[in-house]
Every structure is written in C-alpha cells, then in structure tokens.
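Q: got a predicted structure here, sequence first:
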Amino acid sequence: MLPSAAFSPDRQPARCTALRMDRRIGGTKMTKSIGRAAAKLFAADWVRNWNMRDLQTILGHYADDVTFISPMAVKIAGRAILHGRRELEDYWRAALANIATLRFTLDHFVWDSRARRMSITYVADLDGQRLRVCETMAFHDDGRIFTAEAFYGVAA
C-alpha cells in the first residue's frame, strides 16, 4: 500500500482496485479499497463539478449526516460548522448565488487508502479573487463523505 506522501505527478498511477461509477449521481465515488488512479479521477471530477456548478452531483458525494467545517460558512450560515447534507446544500446554494464567476484549478491531492481520507488542494478563483484552498474529506465504507473541512490560504 502506498503511503499518502507517495502521490506525485511523476509517479505511475497505481492499479485501480475499486472504482465505482454511480450513474444516479453522475460521478466517481470512493469505496473502501481504491487505488491512486481512481482517487485522482475523483479529485478531478470534484473540481470539474464545482466548475460546472453542478451542486446536485457534488452533494451526491456527501452522506446525509455529514459534518462540514469552513470559516467561509460563517458569512452565509452564521456558523462555521454545518451538520447534515441539507444544511450543506443551503449554504452552498446561497454561496453560489453570490458568486458570479467560479473557477477551481486542481493543484494536487493526497489519498490515504487505509483511513479513507482525501485532501484536495486547489486554487479558487471567485469573482477574480484567487485563493489557495485545501479541503479534507473522510469517507464512509459506502463511499460517501461523512466529514469535511475547508482551509483557506493566502491569495494565489
């Protein structure tokens, strides 16, 4: 099993052992046993779905009982910790309504297959303001995210 630090662009992708395409939500889902290639596909799909503002596909990756933490949520939801997919949807829907242009560019990702945790680092261009962002996600055995946290860095 590769350690999470082994994910670099110049490495050959590991054999995907358990990638599941879920046509109902239109995207890649993480399962218990997944290789680097499938994790890379998930990260790329996640960024692409945000760029298309495909909120239903994005939400399909999250468990009903998800806990989401973000300092940005305070501005819209009044608190940094959101509980449940419904609260997450309300927050993201309101946030997207206030953003005219949105473009995420994937920088890198880290996948820990033992812990079923992923970190996605990207540059977010929101109405011309560029920020570096890292989102961490933990996955249930069913492939849905049950906890996620967003960290915001300096302007990119």
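A: Happy to help now that I have it.

Q: do a quick rundown of the helices in this protein.
A: Across the chain, reading from the start of the chain, the helices by DSSP state H fall at 36-51, 55-59, 73-77, 85-97.

Q: what's the most buried one of the ones you listed?
A: Of these, the one with the most neighbours on average (mean count of other Cβ atoms under 10 Å) is helix 36-51, at a mean of 20. Glycine gets a C-beta too; all of them are placed from N, C-alpha and C.

Q: the bottom helix or strand of this protein by mean pLDDT?
A: Taking mean pLDDT, DSSP states H and E as the measure, the helices and strands of the chain show their lowest mean at strand 20-22, namely a mean of 37.

Q: center of this structure, which residue is that?
A: Using Cα atoms, centre = their mean, the residue of the chain that lies closest to the mean C-alpha position is Trp46, 5.6 Å off.

Q: from Val74, how far out is it?
A: For Trp46, the distance to Val74 equals 23 Å [Cβ to Cβ, to the nearest Å].

Q: cool, Ala37 as well?
A: According to Cβ to Cβ, Ala37 and Val74 sit 37 Å apart.

Q: one step back: of the helices of the chain, which is nearest Arg117?
A: Distance to Arg117, taken as Cβ to Cβ, is lowest for helix 36-51 among the helices of the chain, at 10.5 Å.

Q: okay, now the unreliable bits of the chain?
A: Across the chain, residues meeting the criterion (pLDDT under 70) sit at 1-33.

Q: who does Phe151 form a beta bridge with?
A: Per DSSP bridges, residues listed as beta-bridge partners of Phe151: Cys134.
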